[in-house]
Structures are given as structure tokens and as C-alpha cells.
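**Student:** Predicted model and sequence follow; I will ask about them next.
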Amino acid sequence: MNMGVAMISVIILIGLFTGIVTGLTGASGNMIVVPLVNMLLTFSIHESIGVSLLVNIIASFAISYTYYMHGNIDIKLGIWIVIGSISGALLGAHFADKISVVGLSGSFGIFMIVVGIVLWKRGFNRETLENKKETVKFKTQTQKILTTLILGFAVGIMSGIFGSGGGAMILLILIFVLNIPLRIAIGTSSLLMAITSCSGALGYALQGNIRLIPGLIIGLSAAGSGVISARFANRIDENILSKAVAIIFMIFGTVMTIIGLW
């Protein structure tokens, strides 16, 4: 792929913007990478998703390290999600290649809008949630592990299909099922998203749907700006953070829905 100065500049800008949003909210960079790469670089929707998974691996590991340095990662509560999501991501990537462009874009957009609405509404109730030991009551530890494994498998399927790394769904599970404080949930979801993306990216690579060089450039750019925005996110109020996540999800979900209907 021959890339001129203008194209390289666009690729870097996509990465910088992706890192800012991802580091601030803990959301997957796919909601930015997929539509921008698809429209500005004219990649196919499947190639765009493949690139977004590669970007998630690079940027999310860097961002999660920043949250770790601030003490805002709890890997023990998220490990079962990862175990379930690995197989789910490979399965999702396999089926994604058989779904139409309109189906992928439209479905992804609607999904992001719903997540944004849920986060906005539940964000106002964080104080109530934090006063409970768990939002969902489990009778045994085995029941809790099995439930988390199943949820992780579902996250993996969505990651493989939508190229999202599962960040949004992991965030919801950590906050509303396992009742983890928002900042720790964002840091933990960033790390789990990076791990899940490895499996999803493998599935897309096997389908020949990853553009390596653009993906690396976007990923490295996103890692740089993501670390800066993650440091800022570790200092602002959690209510502001939850509203920011909700607004960004709804905006990009709307954009992707429009793309799917275009």
C-alpha cells in the first residue's frame, strides 16, 4: 500500500483522536477507527474492523498501564471474562465475514446507542450501586464464575463481529454486575479489551482483513494520546466520566447507524 504524506497525516490524526477518547472513557477505539478508516481511507467495513482490533491491542495495553500506575485495575475480577471472551471472539470474527456491510454498520451503531443510554441513566445511580456489595446477588462463587464466563463469551462474540474489543460490554459487566467503581472498571476493561482484541484480531487476520501498516501507525498514535487522556481521566469526577462515556457512545452509535443506512 503506497501512502503519501496526506494519507499518513490522516492516519496519525485518526490515531490521536482515538487515543484521546479511549483513554478518557475506557471505550473501544473501534467506534472511531471503524467509521473514519471506512470513510476516509476507503477500507472495506471488514478491513476497518480488523484494523480497529489491532489498534485496540496497542493502545489499550498502553492505556491500561497508565490506569495500573494509578492503582485503578482489578484483574482478579475480570479474568473470567477474558477466559470466556477468547473463544467467543474467534467465533464472532468467523461469522462477521458472512454478515453484510449494512448489517455490520447498522447493528454496531444501534448497539452503541443502547449502551450510551444505559450508561447515562445508570450513571446517576452510582452512589446507590456503590452502597451494595453486588448489583447482582450470587448464591455461590461457582454461580458467579459461570455467569461471568457466559457473559465473557458473549463479549467475545461481539468483539469478533463488531471489532470492538468488548470494551463497552466489559465496562457494563464490571460496573453493573460486579459493582466495581467506575475508574477501576475503566482501567480493568482497558486491559481486558486489549487481551480480547488479540483473539479477535487473529480471527480477522486469518480472514485476510487486517491492513498491518495503517493499523500500526494508528495504534502507536492512539497509544501516545491515550496515555495523556488516561492520566486526566484518573483525576476527574466519576459522574462527569460516566456522562462522557454515555455521550460519546451515543454520538458514534448514531454515526454508525447512519452509515449502515446510507
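**Tutor:** Sure, I can see it. Residues are numbered from 1 along each chain as shown.

**Student:** Please, where are all the helices along the stretch 1-150 of the chain?
**Tutor:** In the stretch 1-150 of the chain, the helices defined using DSSP state H, counting those that start in this stretch lie at 5-25, 30-40, 45-69, 75-96, 101-123, 126-130, 141-162.

**Student:** just checking, what packs against the third one?
**Tutor:** The criterion is 3 or more C-beta pairs under 8 Å, 6 or more residues apart in numbering; DSSP states H and E, and the helices and strands that helix 45-69 contacts are helix 5-25, helix 30-40, helix 101-123, helix 182-206, helix 212-233. Every C-beta, even on glycine, is put in place using the N, C-alpha and C of the backbone.

**Student:** Nearest to residue 92, out of these?
**Tutor:** Across the helices and strands packed on helix 45-69, residue 92 has its closest neighbour in helix 182-206 (7.0 Å, C-beta to C-beta).

**Student:** The closest one: which residues count as buried?
**Tutor:** Within helix 182-206, the residues scored as buried using 16 or more other C-beta atoms under 10 Å are 182-204.

**Student:** mean confidence score for it?
**Tutor:** On average, the pLDDT along helix 182-206 is 83.

**Student:** so it versus helix 141-162, what angle?
**Tutor:** Here the directions of helix 182-206 and helix 141-162 differ by 50 degrees (axes from the mean of the first three to the mean of the last three C-alpha atoms, to 10 degrees).

**Student:** Show me what helix 182-206 is packed against.
**Tutor:** With contacts taken as 3+ C-beta pairs under 8 Å, 6+ apart, helix 182-206 sits against helix 45-69, helix 75-96, helix 141-162, helix 167-172, helix 212-233, helix 238-261.

**Student:** about what we covered before: minimum distance to residue 83: which of the helices and strands packed on helix 45-69 has it?
**Tutor:** helix 182-206 (9.9 Å).

**Student:** how about the helices of the stretch 1-150 of the chain, which one is nearest residue 231?
**Tutor:** With C-beta to C-beta as the criterion, residue 231 lies closest to helix 45-69 of the helices of the stretch 1-150 of the chain, at 6.0 Å.

**Student:** Now do the closest one and helix 238-261, the angle between them.
**Tutor:** Using the same axes, to 10 degrees: helix 45-69 against helix 238-261 is 170 degrees.
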